Structure formats: C-alpha cells, structure tokens
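>>> return a 3D structure for these sequence lines:
(2 chains, ligands or ions: 2)
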Amino acid sequence: MRRVRTIPYSATARPDTGLTNARLAMWLFLASEAMLFGALFSSYVLLRTGAVAWPRQGDILDVPLAAINTVVLLASSGAMWTATRTVNAAAQRRALALTVLLGLLFLGLKGVEWAGELGRGLRPADSNFLGLYFLLTGLHALHVLGGVLASGWLLSTAASAMRRDPALFVTRVRVAGLYWHFVDAIWIVLFVVLYLT
Amino acid sequence: MRHSIIRKPLLRKYFISTDHKVVGLQYAVTSLVFLLVGFLLMLLARWQLAWPGTPVPLVGAWLGEANAPGGVILPEFYNQLIAMHGTIMVFLAVVPLAVGAFGNYLVPLQIGASDMAFPRLNAASFWLYLLGGLVMLAGFVAPGGAANSGWTSYPPLADLATTGQTVWLAGMLCIIVSSLLGSVNLITTVVQLRAPGLTWFRLPFFVWAQLVTAFLLLLAFPPLQAAALLQGMDRLAGTSFFLPTGLVVSGQAVAAAGDGSPLLWQHLFWFLAHPEVYVLILPAMGIVAEVIANNARRPLWGYRTMVRAALFLGFMSFTVWAHHMFLTGMGTVLSGFFQATTMIISVPSIVVMTALLLSLHRGSIRFTTPMLFALAFIPMFAIGGLTGLPLGLATTDVPLHDTNYVVGHFHYVVAPGTIFALFAGIYHWYPKVTGRLLHDGLGRIHFVGSLVAMNGIFLPMFVQGLGGVNRRLYDGGLQYAHAHGLAGLNVGMSYAAWLLAAVQLVFVVNLLMSLRSGRMAGDNPWQATTLEWTAAPTPPLAHGNFASPPRVFHPAYEYSVPGAAADFTPQNEEVG
Ligand code: HEM
Ligand SMILES: [Cu+2]
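Ligands and ions are numbered 1, 2, ... in the order given. Model prediction:
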C-alpha cells in the first residue's frame, strides 16, 4: 500500500502561526535578498563616499527611458496585485498574463538601454559607478526574469491547478506576488540611487 | 500491489529520493569525504612545514611537476593547499555535516514531522552543494592551480590571482545558494511542522541551535554573495571595486581604473564569516546538549537560559565582524565598539558552557563513547574561546594578528570543539540511522587518539604565535630569524597529524564494519526522551517517519523525574 504523503500547511495556514509554508519561506527568502541588495547598496555608498571622483550619473545614463521602465514595472505590480486579489479565475489568469507581458516589456526596454550604453562605448571597467550600474541592473534583470518565468509557469498550469487544488494555487499566486512586489521595490531604490542622485 | 519486501533499486533510494533522511545521508557522506580531502591537503602541507624543501614521500611524484618538482612542494602549491584546506573544511565539510546532515536528518524527526517543508527544494540544495564542491575541486586543474589567496580571499591578491580564484568564486556562489535554500527550508520546517503539543520551550535544544544557525546562514551569506559577485566583476569584467589607485605589483603598475577599496571586501567577507563561526559552533553545542542530558540522566540545567543565550548569540554575531580587522587602521571609536561587542558576545557562549557543566551535577553519568566526545568538547571549546578574548582586544590583537596563535585559536574551537561534537553526534545517532551501534572499543581508541593528536597539533601553535611566527608561511617561518627556535615544534605537530590520520582510519573501519556486524540497537538504545527515539522506529520508516503523527506532552529532557516510573519520560508519553 502506498501511503500518500502530504506536507501540512501547504495550502492552508497553520492556526498558531497564521502562515502557510510557502508564504513564510518567501518572506525568509526575501529577507536574504534584502541582505544581498543591501550589501551591494552599502558597497555603492562606501565606494562612492571614498571615491576621488564620481561621474555625474544622470548625464551618463538614459534617465527618461529608465523612468518609462519604472512606470512599466509599477504597472506590472498593479497587475500582479489584481491577480492576488481577484476571486474570478479568468480575471486572475488575465492579470497574470498582463504581469508577464509587462515584465517582458521591462526586460526588453532594459535591453535597449544596455545596448545603447554599450554602443556608446561604456564599459563596466570604466569606473566603479559603471561597474556597479551594470552589476546591479543586471542582477535585478535576472530577478525580473525569474519572476516572469515563475508567473509564466503559474499561468500555464492555472487551469489544471485550479481544478485540482484551488487553495494551493491561490497560495502560490500570492507568494509569487510577494516576490514580484519585492523586485519592483528594489527597482525603485535602484532607480533613485543610480539615476537620480 | 507492491510489497515492501521488493527492494527499491539503489539508485532510486539514494540518488533521486527527496526524503529528508536520504538527503541528510547524502550530505553526511559527501561532507565526510570532503572532511577527508581537506585533511589530506593539510597532511601534505604539514609535511612541508616539518621538513621544508624535502620531497614528500609516497605521493610526492603524483603531485605534478608544476606543483612539486621532484616531490618538493613549491610555495605556490603550498598556498593552494592552505587556501583549499580552509575553504573545504569550513564550507564543504564542517558546516554541511553539522547543518546539512545533522539538521536534515534529525530536525524533522525531533519535531515530529514527516519530512522537511519542501522536500524537493531540500534535494536541490544538496545537489547544488555537491556541484559547488566539485567546482571548487576543479580549481586544481585550472591553469595556475586552485585558489591560492587563503580561505578569506583578500584582494588585491585575490583579484589578481590565477584562474583558480574565479573557479573558487563560482563554487562559492553555488554553495551560497544551496545554503540559502537549505536555511529557508529548515526555518519553515521548524516553525510550521512542529507536532501538536510541541511548544517552543519543549523543543530539544538541538532544534533551537539549528534554527538560530539557519537564521545566521540566511542573513549572513548574502553579503558574501555580493562580495563574490563584485570580485568576479573585478576579475572578469576588469572593474576595480577592490583595487586602489596606483597599485603596483612586482614593480609593475596594475592596469585598472582604480579608486576601489580592498577594505570593502574585508567588511563584506567578515560580515559573513564571523556569523559563520557561530554556524560552526551552534549545531555543535546542540549536539553536545543532547548527548550530555541523555548520558548524565539529568534535564539540561537552565534550558530556557540556554535557548535565550543562543538567540542572543545569534543576534550579536552580526555586530562583531570588524574584530578581524583591527590592524586595518580603523579609528579608536570604531575599534572600541567592536571590542565591546566582542567581549559581550563571549558571555552567551560561556552561559551555554556553564549550563552544560552544571547539567552534569548530581547526574549518574554513563561514559559512553558519544559522552566522552561531548565531555571533551567542553574544555577544548573553552581553550578556543578563552584564547579568543585577547584577540578581541585591539591592544593584544596587534602582536597576535596573523600569527599561528590565531590559527591555534580557531582550530581549538573548530577541531576538538565542533568536530568532536560532530563525532559525538555520529556515535549517538548512528544507531538511529542504521539500527546498529558502533563498536565501543574502537570508539574509545578513536576518542583518546583524536584528543591527544589534536592537542599535539594545535597547542604548539599558541607558542609559535606568541613567539611571533606568522601564519601561512610555506617554510614554517625559517626565513625569519625569530622563528628559528620555534620551527622545531613543527616536527612534533606533524607527527601528531599522522597520529590523527591513523585513528581516523579506526573510525572509518568502525563506521563500515558496524553496518554489518554492530550490535542491534533496538528502538531506544540510549533510553532517550526525544521524539526521534520514542515515537519513530529504529531504523526509521523510509517515508513519513511516524506510523501515526506523534503528540507531545513533555519538555525535552525529563530525565530522573522524581516519582516517574522510569528514569526517563518520553516526550510523547501521555499524561495519565
Ligand atoms: C567565544 C569567544 C570568541 C572570541 C572572543 C573570538 C575572537 C576572535 C578574534 C578577535 C579573531 C581575529 C583574530 C585576528 O585575526 O587577529 C578570531 C579569529 C577567528 N575565530 Fe574566533 N573568537 C571566539 C570564538 C570563536 C568560535 C566559536 C569560532 C568557531 C567555531 C571561532 C573561529 C574563528 C576563526 C575561524 C578565526 C580566524 C579567521 C581567519 O583569520 O582566518 N572563534 N576570533
Ligand atoms: Cu570573528
């Protein structure tokens, strides 16, 4: 006889902690992500304050394009927010699809921006600022890509998952939402720090 | 319908299973192999230290002409040996054994859970760890050999080192991601999957230790991840995050934009690496607490205080990192801060040690092999911890920094400290895993031999260090006049290292032999109180751990309770 093994609190919250496993795990993961980006921002501060000269960031980078991209990402967060709130399955799928599309648009615009900079001969090795710029935006883009893939996977499995275990699916979407908003928030900080200061 | 008599093919059982016990065993075997590899690297280095410039016997010819022409170890190769020894021991051997193996195998059993919260993620952590380890080892065949800038990888040296350093960074990134996934999983498991009735203060201390450790890994590793990315950029994309302006190496100006900060690496590295030392010690304390309570037949003295001390320790460990950097010219205010926090953080360690000692008071102690290792842990860790205090005060650290004294300090805490605790744990839980006890006589030989040998290796390091002998010298210091009188100690230390190797052979033989011929353990051979012994069969079920979900009614260490029927009360024994 095969015993079915299910891990408790995958879809419903444990009463005394009020959390599902995935939700707690995502918060923990985001805490570590905050430490990762926090360490990189601290490095930025340390290098900038210790620098003999620092380029005028806004003159080098394409601020208007990045501003548009910020709006795109904010819009995607809005879409994701809808996906995590709505009780209507079709609306949820539409919202997820919109999130994915806006995420892809963000990545595309970011690619255009990078191509422009590389085309103008800018390289990470030129200065610590450019090095950090490429590293931070590249790392962030990877995070967006991860979110796009995760949301895309949710979308592609939505129909069958909703049939099998709707509570689990809703939990997954909410957890993906947490991640997405976090990545969005990181971008806001990046935008302010790298483009506007 | 399949019957349980039909054995699952080995491949399915041990390679693609996601059960936490299998993953734990995978971690255990892999990390023990890495422990051996790290040890062998050190044996080579110890030959060079004791008899510098003479060909390594037996294996000398295999080391390669580029590393050891005629069997004589070149300085460059010595640097690789030391850097890889440190890296492997910390990141691939001791921590994966303490956290990946012990944590994975025991935590779900001790909290009455059927598995980790995310079994597949758990398996993924293991494979990533293995990948990271293999990548690290691959460094040895990179052009110029493996990483050679020390386990601390300080720039500018590491920025400019041979390809092996890039390989090191790649391996480190795998290990970091693996460890992040693992700690997320462990914390979630403990918070969410505790059995009914298993309240926070009924958790075995071991679980608490693992929980705090997981938090340290979770929050301390990302800065090293950041640092590794930055160093990778320096090496591959030509940035100079860690390269100052006007750097000249061997008379040649380094071609880089400059304006970077070598100190930035040190901050990021030690922000991880100091909490990492508590990652090394906390699980060890957890194991020792279990073994001592069980063999002294007493409840842990001050259990709640111990838990609070562990929490405080975890918190404080994020505030002391710059005590590794007193010699970098930091101002007195900053150094005052880090001296103060370092003194404060030694208090909870001492609280835990004192509680363990007091737990022995009025116990009827059984001197089993695991207990011997656990008992020896206390004074050995104490030597390590107490020698840390002069390092934590800037005035005394100035002459001691980067000498063999520091090497002695941290080896006392990690080798006869943590590794002894891990040995204690292996002797204690081997019957849980296999259903058979390890051979006691061989265990005692292993214990006495290791105790003598480890002190023989590490005690003289204090003498050398106090005499001003620097660490990481490939000839043991012969190039300096002041080290001549102390270089002779290296010979005895190296003999002690061979002895240590010999008694580890006894251990390996015991591990393998007892699989077949060890005495049958029965369900609860140590008459323990915690769930892994009292609620689960020995050896445990292949899946699901418990025939029926356990309920908990008692604190973790109800030993010798007056009026109780036996001298131990299982945590899941129903109160009448
Ligand atoms: C309990 C009190 C402790 C104190 C006050 C202390 C203090 C210190 C200080 C100040 C240093 C830097 C010395 C220098 O480089 O000049 C140091 C190095 C070190 N300590 Fe400790 N320590 C303590 C416990 C531990 C424990 C429990 C561990 C690990 C299990 C540990 C592992 C290390 C390691 C690995 C290094 C050397 C790192 C390196 O430079 O390669 N220490 N300790
Ligand atoms: Cu430290």
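>>> can you mark which positions in the helix ranked longest in chain A are buried?
Of all the elements of type helix in chain A, the one with the most residues (DSSP state H) is helix A:128-164. Along helix A:128-164, these residues count as buried under the neighbour rule (16 or more other CB atoms under 10 Å in any protein chain shown): A:128-137, A:139-141, A:143-144, A:147-148, A:150-152, A:154-155, A:158, A:161. Every C-beta, even on glycine, is put in place using the N, C-alpha and C of the backbone.
>>> report how many residues lie close to the closest residue to B:Ala113 other than its chain neighbours.
Nearest non-adjacent residue to B:Ala113, counting by CB to CB, 6 or more residues apart in numbering or on different chains: B:Leu193, 3.8 Å away. Neighbours of B:Leu193 under the rule other CB atoms under 10 Å in any protein chain shown: 22.
>>> for B:Leu193, what are its contacts?
For B:Leu193, the contact set (CB atoms under 8 Å, 6 or more residues apart in numbering or on different chains) comprises A:7-9, A:21, B:108, B:111-114, B:117.
>>> any idea how many residues pack against A:Thr12?
Going by other CB under 10 Å, the residues that sit close to A:Thr12 add up to 11.
>>> the contacts of B:Leu193 also near ligand 1: which ones?
The residues of the contacts of B:Leu193 that also fall near ligand 1, by CB under 6 Å from any ligand atom, amount to none at all.
>>> among those residues, who's most crowded?
So for the contacts of B:Leu193 (other CB under 10 Å), the most neighbours sit at B:Pro108, 31 neighbours.
>>> go ahead and confirm that one touches B:Thr188.
No - when contacts are counted by CB atoms under 8 Å, B:Pro108 is not listed as touching B:Thr188 (11.5 Å).
>>> mind checking how far the worst-scoring helix or strand of chain A on mean pLDDT is from the chain centre?
Using mean pLDDT, DSSP states H and E, helix A:57-60 stands out as the lowest-scoring helix or strand of chain A, at a mean of 94. Helix A:57-60 has its C-alpha centroid displaced from the chain centroid by 24 Å (CA atoms, centre = their mean, to the nearest Å).
>>> now do the contacts for the residue nearest to B:Arg297 when sequence neighbours are not counted.
Using CB to CB, 6+ apart and skipping residues adjacent in sequence, the residue nearest B:Arg297 is B:Tyr559, 4.6 Å away. Taking CB under 8 Å, 6+ apart, we find B:Tyr559 in contact with B:293-294, B:296-299, B:529, B:567-569.
>>> just the closest of the residues you listed to ligand 1, please.
Proximity of the contacts of B:Tyr559 to ligand 1, judged by CB to the nearest ligand atom, is greatest for B:Ala293, which lies at 21.3 Å.
>>> toward the C-terminus, what is the element adjacent to the helix or strand where the closest one lies?
For B:Ala293, the element it lies in under DSSP states H and E is helix B:262-296. Toward the C-terminal end, the helix or strand that comes next after helix B:262-296 (DSSP H and E) is helix B:303-316.
>>> relative orientation of whatever helix or strand comes next after that next one and helix B:262-296 in degrees?
Elements were assigned by DSSP H and E; along the chain past helix B:303-316, the next helix or strand is helix B:332-360. Using axes from the mean of the first three to the mean of the last three CA atoms, to 10 degrees, the direction of helix B:332-360 lies 10 degrees away from that of helix B:262-296.
>>> helix B:332-360: which residues count as buried?
Applying a neighbour-count criterion of 16+ other CB under 10 Å, one finds B:335, B:337-339, B:341-342, B:345-346, B:348-349, B:351-356, B:359-360 buried in helix B:332-360.
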